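Participant: All I have is the shape, not the residue letters:
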């Protein structure tokens, strides 16, 4: 996207903000972007749209992509985790179904409580509820949860959360249960008790058991990599049909017992995900909300170019959700390859980047906040620090000076991989870096294949544009996953896409993880963020909101703060099921 178009878009968004300010909530936000700091995009933040749903009908989800993974052993992308754990399978612990900050509260799911620790938080015991069954009526057992945790180690099932690998005793070198080998650190003394033995204290372990890794998979139903196509349901819905890249249809799991599940409401009779649509088409259909689209929601966020069609129109704006993703977008540089082995080159990249241009290409201040640190503001008590004091528009003179010192006075050429939805942001990055002589070629990848592509360390490009979201409100679930070099994988690599291996950083991570004072640990994570930032393995760019326009017939909709602002599929439904069409 060239500068002229970005400037026009910025003007359009500002105009939309100005027009949309009338009749909005009046709540003040520092990064609002409208008159007096009021941001009309945030009118429904922390609220539920559409009232209470009526049971029945078909909820349609319009998507431009397939799922990255639905196999719970591999599912570690925010949207996919929300969809999978709210509709298809249950985990030991989950998040409360509530808008706003209430959605960050941990509540028991398969377990009767949030777990009991012993041995200095090295041993965690969970007891399972009675009466929880799969879609065929057979009971969910502790052994099934153990089995799924074990299969998450399998080399042919990459991509999933690796809390088990980081914390379980004896996990080093484990390759999954395929050869009949099992982890002695997961004990199942009976069908309703599971015990985890950790190699180091982990007071936050219940937070980790929200991850799909801690959902049950019966061994008899495991189909290896094909399980992605047909997970066996322990949730309120089951898979009726799944055509990759085309359509997924879910119908009720008649063996799901709501008496064991206070979180999921399961209002619709069917959930149909229609894939392969163009993002522009989805935005226009959601804004118009005609026919069956009135009973639809969008899988992906509203495109920045569509903001002027939404913010000035009160009726459409009333159907807009825009919770923060709480995730930091970053340009991650391969620190194991020249020229990014030189910290001065990486710092030059930081100074050359015009974050304002990227923010504008992303929809402006209505839907984004610029990022001056790696961890999002929620992990800094509400406001990110600005330790480097680099202007938001960059400092080209400083960038060129650093390149000269690094022996690259004329700049250099490199390549960057982005998801197709981030192409506009990539072009803004490309244009700003070019001013310092850094010529970037952009390679776009379909969202469903993006993480597999950038997770192939040997064959990926030098730069990737990606993000990271804390799995829960702690620095321990952000910095170690993005910058600990001990967990880098050749294939299926997650988080640490800068391939950053720094001994001092890893030593400090271990020291902070061992702290028993939570407040002191939080402060230490915050300081470490600044220390890593000075070494420049990645450039923090922005924290997005997740703008979603829902259909006129949608009820019970809110952005779940613990799932990156995506709609909470646990509670969504329809106002009038009889008009849902399908």
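Facilitator: Arrived safely, thanks for sending. Just so it is clear, the structure is predicted and the values come from calculations on it, not from any experiment.

Participant: what mean pLDDT does the helix or strand hosting residue 287 have?
Facilitator: Per DSSP states H and E: residue 287 is located in helix 279-288. On average, the pLDDT along helix 279-288 is 97.

Participant: Give the pairing partners of the helix or strand that comes right after it; include direction for each.
Facilitator: Next along the chain after helix 279-288, taking DSSP H and E as the criterion, comes strand 296-298. Sheet pairing of strand 296-298 (DSSP bridges) gives strand 58-62 (parallel).

Participant: Now the element after the partner strand, going C-ward?
Facilitator: helix 78-83.

Participant: mind listing what the most centrally placed residue in the chain touches?
Facilitator: Centroid check for the chain by C-alpha atoms, centre = their mean gives residue 78 as the closest residue, at 3.2 Å. Residues counted as contacts of residue 78 (C-beta atoms under 8 Å, 6 or more residues apart in numbering) are 325, 327, 469, 563-564, 566. C-betas here are computed from N, CA, C, even on glycine.

Participant: Repeat that for residue 562.
Facilitator: Residues counted as contacts of residue 562 (C-beta under 8 Å, 6+ apart) are 95, 103-104, 210, 472.

Participant: rerun that using 7 Å as the cut-off
Facilitator: Contacts of residue 562 were listed using C-beta atoms under 7 Å, 6 or more residues apart in numbering, and they are 95, 103-104.

Participant: Scan those and report the most crowded one.
Facilitator: If you count neighbours using other C-beta atoms under 10 Å, the busiest of the contacts of residue 562 is residue 95, which has 26 neighbours.

Participant: Who's the closest spatial neighbour of that one, skipping the chain neighbours?
Facilitator: In space, and not counting its chain neighbours, residue 95 is closest to residue 562: 4.4 Å by C-beta to C-beta, 6 or more residues apart in numbering.

Participant: just residue 139 next, same as before
Facilitator: In this structure, residue 139 finds its nearest non-sequential neighbour in residue 133, 5.5 Å apart by C-beta to C-beta, 6+ apart.

Participant: ok, that neighbour to residue 222 distance?
Facilitator: According to C-beta to C-beta, to the nearest Å, residue 133 and residue 222 sit 18 Å apart.

Participant: Repeat that for residue 125.
Facilitator: Distance from residue 125 to residue 222, by C-beta to C-beta: 25 Å.

Participant: Next: residue 379.
Facilitator: Distance from residue 379 to residue 222, by C-beta to C-beta: 36 Å.

Participant: Ok, residue 571 next?
Facilitator: Plainly put, residue 571 is 31 Å away from residue 222 if you go by C-beta to C-beta.

Participant: Please say which of the two ends up with more neighbours.
Facilitator: When neighbours are counted by other C-beta under 10 Å, residue 571 and residue 222 differ, and residue 571 comes out ahead with 23 against 19.

Participant: What pairs with the longest strand along the chain, parallel or antiparallel?
Facilitator: If you go by DSSP state E, the chain has its longest strand at strand 320-333. Applying DSSP bridges to the sheet, strand 320-333 is found paired with strand 463-468 (antiparallel), strand 538-549 (antiparallel).

Participant: Out of those, the one nearest residue 374 is which?
Facilitator: Nearest to residue 374, of all the strands paired with strand 320-333, is strand 538-549, at 5.2 Å by C-beta to C-beta.

Participant: Quick one: residues contacting the closest residue to residue 205 other than its chain neighbours.
Facilitator: Among residues not flanking residue 205 along the chain, residue 124 sits closest, at 5.0 Å (C-beta to C-beta, 6+ apart). Residue 124 sits next to 115, 117, 196, 205 when contact means C-beta under 7 Å, 6+ apart.

Participant: pLDDT at residue 124, what is it?
Facilitator: If you check residue 124, the pLDDT there is 98.

Participant: Enumerate every residue touching the residue nearest to residue 554 when sequence neighbours are not counted.
Facilitator: In this structure, residue 554 finds its nearest non-sequential neighbour in residue 50, 5.1 Å apart by C-beta to C-beta, 6+ apart. When contacts are counted by C-beta under 7 Å, 6+ apart, residue 50 touches 554-557, 575.

Participant: Give the ranges of residues in the chain that sit below the confidence cut-off.
Facilitator: 1-37, 582 (pLDDT under 70).

Participant: at 80 what do you get?
Facilitator: Residue ranges of the chain with pLDDT under 80: 1-38, 581-582.

Participant: related to what we said a few turns ago, who are the packing partners of the helix holding residue 287?
Facilitator: Applying 3 or more C-beta pairs under 7 Å, 6 or more residues apart in numbering; DSSP states H and E, we find helix 279-288 packed against strand 296-298.

Participant: which residues are contacting the strand it packs on?
Facilitator: So strand 296-298 is in contact with 60-62, 282, 286, 548-551, 554, 557, 567, going by C-beta under 7 Å, 6+ apart.

Participant: Now, of these, which are buried?
Facilitator: 60-62, 282, 286, 548-551, 554, 557, 567 (16 or more other C-beta atoms under 10 Å).
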